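Asks: need coordinates for the below:
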Amino acid sequence: MINDEIRAKEVRLVGAEGEQIGIKPIREALQMAIDLNLDLVNVAPQAKPPVCRIMDYGKFRYETQKKEKEARKNQKIVDIKEVWFRANIEEHDYQTKFRNVIKFLGEGDKVKCSVRFRGREIAHSNLGQKILERVKNEVAEISVVERHPKLEGRSMIMILAPKAQ
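Replies: Numbers count the residues shown, from 1 in each chain. Down below sits the predicted model:
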């Protein structure tokens, strides 16, 4: 609430520079704000008596919006990238997919490593387990295992997250 919207009879007044002025009637506090060509802003309405501050409300709103925008700009959105392996993957294919895992972790994204079993390959789920364990061991210094290898339907899934620097 600002200026005429404040309904209290008395307010504890804080000056434009942050100095304590004391408890004043609302009319006197409002007149002081008008004389300084500023606004009277209720900063703590639940206090007894309510605390009001003399400030430039438009400038205050502009600066808070600017800070919020800056905070949103600096935050990193973490994506989950998925890399598929096969149970009987060849070494070169494995190396290509492994490079992608390293690249994604380096960019700060989480990586979902999956081994998809087709047909009767599901009977040899230990092969998928070995592949995921190999990936986990090779990226141990740059990542943390968020979810250990687990069989879900026809896929075995493991989630890796980058280590916090």
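Asks: quick check: next helix or strand after the longest helix anywhere in the chain?
Replies: Ranked by number of residues, the top helix in the chain under DSSP state H is helix 57-74. For helix 57-74, the succeeding helix or strand toward the C-terminus, using DSSP states H and E, is strand 80-86.
Asks: mean confidence score for that following strand?
Replies: Averaged across strand 80-86, pLDDT comes to 91.
Asks: rewinding a little: using CSV, list the CA coordinates for the longest helix of the chain.
Replies: Written as CSV, here are the backbone C-alpha positions of helix 57-74 (Å, rounded to 0.1, in the frame of the first residue of the first chain):
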residue,chain,number,x,y,z
TYR,A,57,8.1,3.8,-5.2
GLY,A,58,8.4,3.8,-9.0
LYS,A,59,12.2,3.6,-8.8
PHE,A,60,11.9,0.9,-6.1
ARG,A,61,9.6,-1.2,-8.3
TYR,A,62,11.9,-0.7,-11.3
GLU,A,63,15.0,-1.9,-9.4
THR,A,64,13.3,-5.0,-8.0
GLN,A,65,12.0,-6.0,-11.5
LYS,A,66,15.5,-5.5,-12.8
LYS,A,67,17.0,-7.7,-10.1
GLU,A,68,14.4,-10.5,-10.8
LYS,A,69,15.1,-10.3,-14.5
GLU,A,70,18.9,-10.6,-13.8
ALA,A,71,18.3,-13.6,-11.5
ARG,A,72,16.3,-15.4,-14.2
LYS,A,73,18.9,-14.7,-16.8
ASN,A,74,21.7,-16.2,-14.7
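Asks: who touches that helix?
Replies: By Cβ atoms under 8 Å, 6 or more residues apart in numbering, the residues outside helix 57-74 that reach it are I2, L38, D39, V41. From N, CA and C alone the C-beta is placed, and that goes for glycine too.
Asks: also stretch 33-41?
Replies: 1-3, 6, 11, 16, 29-30, 32, 52-58, 60.
Asks: and if we set it to 6 Å?
Replies: Contacting residues not belonging to stretch 33-41 are listed as I2, N3, A29, L30, C52, R53, I54, M55, D56, Y57 [Cβ atoms under 6 Å, 6 or more residues apart in numbering].
Asks: all helices of the chain, in order?
Replies: Here the chain has its helices, by DSSP H, at 26-35, 57-74, 91-106, 125-138.
Asks: pLDDT of the longest strand belonging to the chain, averaged?
Replies: Taking DSSP state E as the criterion, the chain has its longest strand at strand 143-152. Regarding strand 143-152, the rounded mean pLDDT is 90.
Asks: quick check: angle from it to helix 125-138?
Replies: Comparing the axes of strand 143-152 and helix 125-138 via axes from the mean of the first three to the mean of the last three Cα atoms, to 10 degrees yields an angle of 170 degrees.
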